[in-house]
Every structure is written in C-alpha cells, then in structure tokens.
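**Q** Please find the sequence and the predicted model below.
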Amino acid sequence: MNAMIAALEALTGRDPDRRDVAADALGDLLRGTALDADSACLVVGQLVSLAINEPVTRVRESALNSISEAFNHHRLPLSLVEPLTAAMPTMGRELLEHALYILGATHASQARPLIEPFLHHPDPEVREEARLAAAEITAAESEGLTHNS
C-alpha cells in the first residue's frame, strides 16, 4: 500500500520523468493482484486524470498503458474512464489506440457510441483498434458479460 501511495503522490510532481516512472509503477500494481477493487478504482481515476491533463506524450502513454493493465484483474465501470473521451481529439495514434482499447475493455454497451466515430478515423490503425474495441463489447454482450455503468 505504501508503494501505491508513493506512486500516486509522484504523479503530481513537477518532473515528467518521475511522473512517467510513477505511472509505470502503478501499472505494475494494477497488472498484479496487489490491489483490491476500491484501490484499483482510485489508482485508475488518478491515471485517467494524468492521461487527460499531462502535457508530455510519453507520460500520457504510460498512464494509458497502466489503465489498460487494470482490466487484467478488475472490472472497471465506463464512468471511471469515460473522461478520457474529452481528451481523445488531442491524442495521436498510439494514445488513441490505448484509449479505444480501454473503452472496449469496460464491456459497457454505453461505450459503443464513444467508439463508433473512430471507425471512420483517417488512420487505418485507429480504425482497426476502434473495430476491435466495438467487437469486444459485442462479444461480451453475446456472452452476457456486459455491465451498465
């Protein structure tokens, strides 16, 4: 728990290298089983904020990658990650791919309208990630795994 608190504090530091390392460290915690559901939601919420407000692209990418790791062990509500959609117009291809993956990983049918505009994105890799994210929701719906957020 101390590692989580230290990393969360480092997310707000002035040094982008330190923020980057902190985002990665939080991803390590999310990748494993060290965090309970409430702690995972707290961490993801802070990483979402970082991904939206961070001026340094590599730090934003680390935050988004770490959020993606959370879905390995936790079911997170769309409402927790939905604020990312406001920043998606400012994201380059790689960041968009992460954000689309995250939206699809929620398995929330309400994420579909947030994903669909990217099915017509000029970049074919973004279009493909949007297609995969939408397919993830469709597959979860057919298996009864979706949840409303």
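**A** Thanks, I have it.
**Q** residue boundaries of the strands in this structure?
**A** Secondary structure of the chain, counting by DSSP state E: no strands present.
**Q** Go ahead and name everything in contact with the longest helix along the chain.
**A** Determined from DSSP state H, the single longest helix within the chain is helix 124-142. The set of residues external to helix 124-142 that reach it, using Cβ atoms under 8 Å, 6 or more residues apart in numbering, is 93, 96-97, 100-101, 103-105, 107-109, 111-112, 115-116, 118-121, 146. For every residue, glycine as well, the C-beta is placed using N, CA and C.
**Q** what does stretch 36-53 give?
**A** Identification of contacts with stretch 36-53 by Cβ under 8 Å, 6+ apart yields 1, 4, 8, 11, 19, 23, 26, 29-30, 35, 59-60, 63-64, 66-67, 70, 73-74, 76, 80-81, 83-84, 86-87, 95, 99.
**Q** And for stretch 83-93?
**A** Stretch 83-93 is contacted by residues 48-49, 51-52, 57, 60, 64, 96, 99, 102-103, 114, 118, 123, 125-126 when judged by Cβ under 8 Å, 6+ apart.
**Q** Tell me the buried residues within those.
**A** For the contacts of stretch 83-93, a burial check counting by 16 or more other Cβ atoms under 10 Å picks out Val48, Ala51, Ile52, Arg60, Leu64, Leu96, Ala99, Ile102, Leu103, Leu114, Phe118, Val126.
**Q** Show me which pair in those residues is furthest apart.
**A** The most widely separated members of these are Val48 and Val126, with 19.8 Å between them, by Cβ to Cβ.
**Q** Tell me how far Thr85 lies from Leu100.
**A** 10 Å (Cβ to Cβ, to the nearest Å).
**Q** the more surrounded of those two?
**A** A direct count of neighbours by other Cβ atoms under 10 Å for Thr85 and Leu100 places Leu100 higher, at 29 against 17.
**Q** shouldn't Glu82 be in contact with Leu114?
**A** Yes - contact between Glu82 and Leu114 holds when scored by Cβ atoms under 8 Å: they sit 7.2 Å apart.
**Q** If you tally nearby residues, what's the number for Met88?
**A** Neighbour count for Met88, taken as other Cβ under 10 Å: 17.
**Q** Ok, Pro124 next?
**A** One way to gauge burial is a neighbour count; for Pro124, by other Cβ under 10 Å, it gives 9.
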